[in-house]
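Asker: Structure for the following, please:
(chains A and B)
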Amino acid sequence: SQQGEEDPQALSIQEGENATMNCSYKTSINNLQWYRQNSGRGLVHLILIRSNEREKHSGRLRVTLDTSKKSSSLLITASRAADTASYFCATDGNTPLVFGKGTRLSVIA
Amino acid sequence: DAGVIQSPRHEVTEMGQEVTLRCKPISGHDYLFWYRQTMMRGLELLIYFNNNVPIDDSGMPEDRFSAKMPNASFSTLKIQPSEPRDSAVYFCASSELDNEQFFGPGTRLTVL
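Answerer: As a prediction, the model looks like this:
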């Protein structure tokens, strides 16, 4: 299985702090994606990083990928209450995306 | 584009009844995915289609589950007969090739 596993399962921080979530996977991938899910909603794509990339930025998001360690991290800088959600990593190789169980992020105002 | 459309948004039924969930993908997307999400098992891929053809249904839990995609703009997921353990949120998603997936709002199914 190429399932990504997020760590930690839950994270609670104060508004303005940075939030870091990690993802580990098991086999070679073509790319890794991060998604966000607000309560009661579908998942929303945040960012995609390809296997030949090491770092990618999008607004307050920074994603890193270390293929030698089969791991990725998602950093949200200057967090806001609206960032409260579950965050999932998803990996693919020869199969479609396989999602982890997510990190539940709570940003306290 | 209105995004991925799913109906109904909520479904409450009794054990043994047939349930049909519907999905309209984003126009032009080649792939359509059905997922099930529960607290215990997380987000599970049930089946996916490419150009209306089922490619992998290994995630379909039992023969009680079936999915069809009669054309590029419509797909159904059917459970017959339904059981309480089928209670979950079912998501449909679509994508172009192997790019980001666009998720619908989901159908919350409760089987009593």
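Asker: rest of the way, CA atoms for contacts and neighbours
Answerer: Noted.
Asker: mind checking which helix or strand the residue nearest to B:Arg22 when sequence neighbours are not counted is in?
Answerer: Setting aside the residues directly before and after it, B:Arg22 is nearest to B:Thr76 in space (CA to CA, 6 or more residues apart in numbering or on different chains), at 4.6 Å. Counting by DSSP states H and E, the element that carries B:Thr76 is strand B:74-79.
Asker: In terms of secondary structure, what does that strand contact?
Answerer: With contacts taken as 3 or more CA pairs under 8 Å, 6 or more residues apart in numbering or on different chains; DSSP states H and E, strand B:74-79 sits against strand B:19-24, strand B:65-71.
Asker: Check which residues of the first one are buried.
Answerer: For strand B:19-24, a neighbour-count test (16 or more other CA atoms under 10 Å in any protein chain shown) marks B:Val19, B:Thr20, B:Leu21, B:Arg22, B:Cys23, B:Lys24 as buried.
Asker: The longest one now?
Answerer: Residues of strand B:65-71 classed as buried under the neighbour-count rule (16+ other CA under 10 Å) are B:Phe65, B:Ser66, B:Ala67, B:Lys68, B:Met69.
Asker: Straight-line length of stretch A:21-34, end to end?
Answerer: Using CA to CA, to the nearest Å, the end-to-end distance of stretch A:21-34 comes to 10 Å.
Asker: Buried residues, it. List them.
Answerer: So stretch A:21-34, judged by 16+ other CA under 10 Å, has buried residues A:Met21, A:Asn22, A:Cys23, A:Ser24, A:Tyr25, A:Ile29, A:Asn31, A:Leu32, A:Gln33, A:Trp34.
Asker: if you look at the residues you listed, which of them are in strands?
Answerer: Counting by DSSP state E, those place A:Met21, A:Asn22, A:Cys23, A:Ser24, A:Asn31, A:Leu32, A:Gln33, A:Trp34 in strands.
Asker: What's the separation between the fourth one and B:Pro105?
Answerer: Taking CA to CA as the measure, A:Ser24 falls 27 Å from B:Pro105.
Asker: One more: the last one?
Answerer: Counting by CA to CA, the gap from A:Trp34 to B:Pro105 is 18 Å.
Asker: For residue 42, grab the count of nearby residues.
Answerer: Defaulting to chain A. 21 (other CA atoms under 10 Å in any protein chain shown).
Asker: meant chain B actually
Answerer: A count of neighbours around B:Gly42, defined by other CA under 10 Å, yields 14.
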